[in-house]
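> Just a sequence and a predicted model for now, questions to come.
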2 protein chains.
Amino acid sequence: MGIPTRFDWQRLQQFIQRLFMAAGVPEHNAFLVAESLVQANLRGVDSHGVVRTPIYLARIRRKMVDPNAEITVVRESEGTALVDGGNNFGAVVGVRATQIAIDKAKRAGAAFVGVKRSNHFGTGAYYALKAIEQKMMLMVMSNASQTMPPTGGVRPFIGTNPLAVGVPAGRAVPFLLDMATSVVARGKIIVAAQKGQPIPLGWAVDRHGNPTTDPEAALEGAVLPVGGAKGYGISLMIDILCGVLTGAGFGRYVNNMYENWEEPQNVGHVFIAVDISRFMPLERFEARMEQYIREIKQEPKAPGVEEILIPGEIEHRRTLELMKHGIELPEKLAEELDAIGREYGLRLADAAY
Amino acid sequence: MGIPTRFDWQRLQQFIQRLFMAAGVPEHNAFLVAESLVQANLRGVDSHGVVRTPIYLARIRRKMVDPNAEITVVRESEGTALVDGGNNFGAVVGVRATQIAIDKAKRAGAAFVGVKRSNHFGTGAYYALKAIEQKMMLMVMSNASQTMPPTGGVRPFIGTNPLAVGVPAGRAVPFLLDMATSVVARGKIIVAAQKGQPIPLGWAVDRHGNPTTDPEAALEGAVLPVGGAKGYGISLMIDILCGVLTGAGFGRYVNNMYENWEEPQNVGHVFIAVDISRFMPLERFEARMEQYIREIKQEPKAPGVEEILIPGEIEHRRTLELMKHGIELPEKLAEELDAIGREYGLRLADAAY
């Protein structure tokens, strides 16, 4: 009998949290990192889920991440803050910066918070959902290590720099756009490589700049920006805001967490929070969102299409489903997590569904 | 001997300004509208240039735009403002809202300004450049009348809702991204239709939802979002910020300026200004921008590519070139503008290069 591969999300999250605590991460920080990873699995975004646990732990062990670092506000004004993440985990830094942005927006109406000296922060949706819980609108951006060539270039220069936006929508599922500026998230190519499956043509080029369907060749090469020059332009914009403006790395100075074991990543993020009630009463806004979403969903559908979807809707349903039926992990990953757990006297089987 | 087709940009701008003044637009407002149109031509974005003069004039004549309307701040806080455009021209409303955003950002560090009851505002670049002149960072969004189907839909529901971002870059050409969330700007299809040229497959569908290369069929059908669901998501985000949040129209409630002669457009915009000096000294930021741009441009190039370009670079060069050598207009458009001018005793020939 092998290892279980289906897990109760809460117990899986506890297992991951305990792993991080055993590795020296303070309890609350470990909670945030575990929450961000398991939430990604719940949303069906496995590329940003617990599959990242081993690399996160390796970054601590090799002293590339400081899970005890203080997060400080270096500069601030009514509507802005510059946060120094101190090289703590992205999830820990990001949650703090999100709350600073929300608190400032509650006072000034809107706030723009920049972050330097952070790390890979998981999904942007994680922060956007924290804002939605507080009925705030949040725009989230992060730069990332080099994976995409500029338009006209051949080798990686910009990251797949994601953009996420969360908007409360009353009784409707919240609007939650969370996208990489690549044709696909690099994580999806990692998943394909793990599964040994080919990737569609147009997702990536190999290291010579040739189109490829081989995920391994793609990982050595470059993912392409979405929509050509437009995706390239948005990715540059995000790198400028998150990196050039904050003092974090940008372009080649954002280090790859899988390849660089000499220096911290120095990732930068931006969080823009808006207090909806400065524009109209929240109830009226939510009614307008409900109406908007209803009207889109009532549009005539293309042949073969059953439903017109709003960004975040599939992930919301997936979460409800997996909370009920458990999170399924690839056997290889379950074995890896269990092996790591045993080093600390933790058994993954305790989280089995 | 026919009408001249090449024009000195300053005299062309004066001619356009005088046309608007003759049509009842106050001098300064007429200046802004003319400046926004001629600047688009200078930047090579002919789709948003003086080709829009006849429709703008028709909107005044049919009382669909009120060029004398007061623009008012309805609500405000340190970091936000809600601006009521009073149904004045988009360029006039947009310039005012841009300045409000910049002034607030100079005090609070950042500002988020929403606008309702506005009209077609030309290019987003126009406002971003005004911020760059003041060494401020500006993000600009606008919703627009329905031209694109949602992912999975068949008929237009969302606009090609543009996003523009301007960033000063020291001695380098400023970073100036200005993009529609469609595969191409609808204006480019209008230009193709005027020139009688086919459009590439993948730009648009006809009114039955079939792919088409016929620009006329495309104008009756729908332009497609860039990058599929990602462009759809960004376009929705812009409609939510510009329309749902501000009280402007959204979705089907943003009226088409060419087709609806019963009601104002009720376009909404958003301007997000950031004071760079709240994050680091401007000089240091500009040096980082120069370095970033230099490093991208030094990247190895794909076969056949002579230069890696930064968003806004082509348009900047085009402006310098056309300021020197004149703006060339299609003969049909020159004749149309001259005919309108003659109604007011103005001769387009006076603007000839």
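Right, received. Where do you want to start? Numbers count the residues shown, from 1 in each chain, chains lettered A, B, ... in the order given.
> Show me what counts as buried in stretch A:102-117.
A:102-105, A:108-117 (16 or more other C-beta atoms under 10 Å in any protein chain shown). Where you see a C-beta, it was placed from the backbone N, CA and C, and this is true even at glycine.
> So for it, mean pLDDT?
Stretch A:102-117 shows a mean pLDDT of 98.
> Using CSV, write down the CA coordinates of it.
Output in CSV follows, covering the C-alpha atoms of stretch A:102-117 (Å, rounded to 0.1, in the frame of the first residue of the first chain):
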residue,chain,number,x,y,z
ILE,A,102,-5.7,48.6,3.0
ASP,A,103,-5.2,50.6,6.3
LYS,A,104,-3.8,53.6,4.4
ALA,A,105,-6.6,53.4,1.8
LYS,A,106,-9.2,53.4,4.6
ARG,A,107,-7.7,56.7,5.8
ALA,A,108,-6.7,58.4,2.5
GLY,A,109,-9.1,56.7,0.1
ALA,A,110,-6.4,55.0,-1.9
ALA,A,111,-2.8,53.8,-1.3
PHE,A,112,0.1,52.7,-3.4
VAL,A,113,2.5,50.5,-1.5
GLY,A,114,5.9,49.4,-3.0
VAL,A,115,7.9,46.5,-1.6
LYS,A,116,11.6,45.6,-2.0
ARG,A,117,13.8,42.8,-0.7
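> So which of the buried residues of stretch A:102-117 is the closest to residue A:192?
residue A:115 (30.6 Å; C-beta to C-beta).
> Verify the stated contact: residue A:249 with residue A:144.
No: Residue A:249 lies out of contact with residue A:144 (C-beta atoms under 8 Å); the separation is 10.0 Å.
> hey, what's in contact with both of those two?
Taking C-beta atoms under 8 Å, 6 or more residues apart in numbering or on different chains as the contact rule, residue A:249 and residue A:144 both touch residue A:267.
> Chain B contacts on the stretch 251-353 of chain A?
Within the stretch 251-353 of chain A, the positions near chain B by C-beta under 8 Å from any C-beta of the partner chain are A:251-252, A:272, A:274-276, A:278-280, A:285, A:288-289, A:292, A:295-296, A:299-302, A:305, A:307-311.
> Next: the stretch 1-150 of chain A.
The stretch 1-150 of chain A comes close to chain B at residues A:75-80, A:82, A:104-105, A:107-112, A:114, A:137, A:149-150, as judged by C-beta under 8 Å from any C-beta.
> And the helices in the stretch 1-150 of chain A?
A:9-22, A:27-42, A:53-61, A:90-108, A:124-133 (DSSP state H, counting those that start in this stretch).
> Restricted to helices, list the residues of the stretch 251-353 of chain A next to chain B.
A:285, A:288, A:289, A:292, A:295, A:296 (DSSP state H).
> In the stretch 1-150 of chain A, where is pLDDT below threshold?
In the predicted model, the stretch 1-150 of chain A carries pLDDT under 70 at residues A:1.
> What residues sit buried inside the one helix or strand residue A:218 maps to?
In this assignment (DSSP states H and E), residue A:218 forms part of helix A:215-220. For helix A:215-220, the neighbour count (16+ other C-beta under 10 Å) marks A:215, A:217, A:218, A:219 as buried.
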